[in-house]
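Trainee: just a sequence and a predicted model for now, questions to come.
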Amino acid sequence: MGQYIIEGCNRLGGTVKTQGAKNSALPILAATVAVGKPCVIHNCPQLSDIDSTIRILRCLGCKVQRADEMVFVDAGNLSQRKISDVLMREMRSSIIFLGALLSATGEAVISAPGGCDIGLRPIDIHLTSMRKLGVHISESHGEIRCTCRRIKGGKIVLPFPSVGATENIILASVKSGTVTTIINAAREPEIVDLAMFLNSCGARISGAGESTVVIEGVERFNSSQYAIMPDRIVACTYMAAAAVTGSTVVVDEVIPSHITPVFSAFEQAGCRIETSGKQLRITSPERLKAFERIQTMPYPGFPTDCQAIMMAVASVSKGITIISENIFENRFKHIGELRRMGADIKAQDKIAVVNGVEHLQGAFVNSTDLRAGAALVVAGLCAEGTTTVEKISYIDRGYAAFAENLSAIGAVIRRKDNL
Ligand code: UD1
C-alpha cells in the first residue's frame, strides 16, 4: 500500500483539468456487453476501478484494447456468463454487469459485489427489480444465478432512487423489444451519460435525468464512439483544495450545472465562483466561514460523495457546520482521521458537528475509503507540517494522477509506493 506525503500550507494557483467521470465510465463499459457491437469509449480515466472493469470484460470474452484514455470493447463473442467472486468483490459496480449480461445472453451468474466499506450496501432493489422484469433468480452458496428467456417490461417503482439499480434496469431492458418504465428513478448525471451512450448505439431511452425513465427495448444495436462526461466529484475535490489553501484555481473540464448544490456551500464559506463554458474559477478568502447545514441526498441534492471532502473544508472554516449523511450509514470513518489532524468534530449517528479550527496539523492518517482518502489529502494541503496519508489504493480507485495534478498547481505532495 502506498502513501501520499504532503507538506501543507502552500498556496495553489493555475489550472487543473478534471478527468472523465468514474461513475459514468464503469456502467458505460459494462453496457458495451449489452450492445455487443464494437464501441470506442473516450475520456475513460486511468483508475484501478477501470482496470477491474476491463478484467471483467476480458473474462467474459470481450476483446478490449486500451490506449491512454481510449478503451475499445468488442463484446460480440461472449464466452462466459459468470463473473468470479474475486472479480465481483473488487468493486461495487460489478453488479451492473447483471443487467448487461441478461440483455446480451439471458443469463448472468454473479455474487454480492465488493467496494468501499461505507455501509451495508445491499442489492435487494436490484434483485427485486430484475424479478419484476421476469428474471428467475436462485441463490446458493453465495452464487446468484439469474436467467430470463424474455424481459417482460412493465412498470417498476423503485422504493429509493438507487443509482445502480436504475442502471441495471436500463441495461436489462434496453434490448427487450418491449417497454419498461422506471418510476422514482435516480436522476444523477451519470444516468444521463449512460442513456446517451446507449442511445448513440441505437437504444431508445427517454426521460434519463428525470424521475420517470422509459426504455423502449430495441432489437439490435450499432457500433458507437462516445466520450465520458467530466467527473463532478473530482471537480469538487480540486475546488476544495483551492478553498482550504486560500487560493485561486481554475478547474477545467467541468459541467457547472452538475455541481450546483456544492457551489452554494463553497460560496457560503466565502469563496467566489465564476463559470465560463466548461471552466470554473474559484477564488478563496484567507479564512473560510462555516456554511449552512449539509444534508446528503439523491441528485439534485448534495452528493454523498462530496460529504467527506466538504467536512475537510468545514474543519478549517470559522464557526459551526452541521453535516448529515443520509445515504450511507457508515460514511463517517474519516472523522477519526481528521481529528488526528486537530479537527474539532463531534458525531452521533448520521450527524456531525464541525467546529472549524484555525489550523490543522500534519499527522499520519489512513484513507478509510475513496472519498475519505481524498478528504484527508485536502486536509493535508492546509495542515501545518507534514501529513502522510496511508492506504492510498482507495484513492487510486477514483483519482487519476492525483499527486501530479495537485503538484502542477503548486501543492507539495509526493507519492511513495511500498514495494
Ligand atoms: C453510486 C455511486 C456512488 C455514490 C452512490 C450514491 C457508482 C459506481 N457509485 O453507488 O459513488 O456514492 O451512487 O450517489 O456509480 N441500496 C439498497 N439496496 C439496493 C441498492 C441500494 O438499500 O439494492 C441503498 C444503498 O445501501 C445506499 C443507497 O441505497 O444506502 C444508495 O445506493 P445507490 O444509489 O444504489 O448507490 P450505488 O449505485 O451503489
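Mentor: Nice, I can see it.

Trainee: as a quick check, tell me the outermost residue of this structure.
Mentor: residue 149 (32.5 Å; C-alpha atoms, centre = their mean).

Trainee: remind me what the top strand by length along the chain packs against, helices and strands.
Mentor: The longest strand of the chain (DSSP state E) is strand 317-324. With contacts defined as 3 or more C-beta pairs under 8 Å, 6 or more residues apart in numbering; DSSP states H and E, strand 317-324 has these neighbours: strand 288-289, strand 294-295, helix 307-315, strand 351-356. All C-beta atoms are positioned from the backbone trio N, CA, C, and that covers glycine.

Trainee: strands paired with it, and their directions?
Mentor: As defined by DSSP bridges, the strand partners of strand 317-324 come to strand 288-289 (parallel), strand 294-295 (parallel), strand 351-356 (antiparallel).

Trainee: hmm, who's touching the last one?
Mentor: If I follow you right, that is strand 351-356. Under the criterion C-beta atoms under 8 Å, 6 or more residues apart in numbering, residues 288, 290, 311, 314-325, 332, 335, 343-347 lie in contact with strand 351-356.

Trainee: what about the host helix or strand of residue 192, average pLDDT?
Mentor: Element membership for residue 192 (DSSP states H and E) is helix 189-200. The average pLDDT for helix 189-200 rounds to 98.

Trainee: same question, stretch 108-127
Mentor: Averaging pLDDT along stretch 108-127 gives 83.

Trainee: can you dump the C-alpha coordinates of it into PDB?
Mentor: Below are the C-alpha coordinates for stretch 108-127, written out as PDB (Å, rounded to 0.1, in the frame of the first residue of the first chain):
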ATOM      1  CA  ALA A 108     -25.800 -14.000 -15.500                       C
ATOM      2  CA  VAL A 109     -24.100 -15.700 -12.600                       C
ATOM      3  CA  ILE A 110     -22.700 -13.300 -10.100                       C
ATOM      4  CA  SER A 111     -22.100 -12.900  -6.300                       C
ATOM      5  CA  ALA A 112     -22.500 -10.000  -3.900                       C
ATOM      6  CA  PRO A 113     -20.300  -7.100  -5.100                       C
ATOM      7  CA  GLY A 114     -17.500  -5.500  -3.000                       C
ATOM      8  CA  GLY A 115     -16.500  -1.900  -3.000                       C
ATOM      9  CA  CYS A 116     -15.700   0.800  -0.300                       C
ATOM     10  CA  ASP A 117     -16.900  -0.100   3.100                       C
ATOM     11  CA  ILE A 118     -19.300   2.800   3.700                       C
ATOM     12  CA  GLY A 119     -22.400   0.800   4.700                       C
ATOM     13  CA  LEU A 120     -24.200  -2.500   4.200                       C
ATOM     14  CA  ARG A 121     -24.800  -1.700   0.500                       C
ATOM     15  CA  PRO A 122     -27.400  -4.400  -0.100                       C
ATOM     16  CA  ILE A 123     -28.500  -5.300  -3.700                       C
ATOM     17  CA  ASP A 124     -32.100  -6.100  -2.800                       C
ATOM     18  CA  ILE A 125     -33.500  -3.300  -5.000                       C
ATOM     19  CA  HIS A 126     -31.500  -4.600  -8.000                       C
ATOM     20  CA  LEU A 127     -32.800  -8.200  -7.500                       C
END
